[in-house]
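Engineer: Structure, please.
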Amino acid sequence: MKTIDEAAFYSCTALESLQIPEGVTEIKDYAFGCCEGLTSLQLPDSVTRVGNCAFLSCTQLTTVTFPAQMTSMGKAVFNSCTALETIAIPEGITSLAAQYYPDDDSYSGFFPGLYLAERGQVAVHSGSH
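Structural biologist: Okay, here's the model as predicted:
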């Protein structure tokens, strides 16, 4: 398996954790959208691309670790991930699509409640905008 298909686990609300096998290179659009029980995510080193809205509305997701080799992140990957506290942006990202959330008038940055750090840094919830 090289990809996790579009909407493969969409709305799988009982999913709390997952181990994506080494060798998967792409997570397609909406693959884990609305997996409201998912709390943390660590992608294997083989993943280089995450598609649009891949983790849309994963409302319990607090921590995400991307592999250093990742090069592309689609639009609104973490839209409505209201519990997200920490995300590491790999040095190798060459394509980072807009991550803004038009339904949140108080913040127009990349991740709701987070300030985006430079590549290779960690963005952490600051508690204020």
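Engineer: and C34, how many neighbours?
Structural biologist: Number of residues near C34 (other CB atoms under 10 Å) recorded here: 19. C-beta: built from backbone N, CA, C; applies to glycine.
Engineer: thought it was touching L61?
Structural biologist: No - C34 lies out of contact with L61 (CB atoms under 8 Å); the separation is 11.3 Å.
Engineer: Check the separation of the first and last residues in stretch 48-56.
Structural biologist: Distance between the two ends of stretch 48-56: 19 Å, counting by CA to CA, to the nearest Å.
Engineer: cool, and stretch 58-74?
Structural biologist: Stretch 58-74 has an end-to-end distance of 16 Å (CA to CA).
Engineer: What's the mean pLDDT across that stretch?
Structural biologist: For stretch 58-74, mean pLDDT rounds to 87.
Engineer: for stretch 94-105, same thing?
Structural biologist: For stretch 94-105, the mean per-residue pLDDT is 57.
Engineer: Report the buried residues of stretch 74-84.
Structural biologist: Residues of stretch 74-84 classed as buried: 74, 76-81, 84 (neighbour count, 16 or more other CB atoms under 10 Å).
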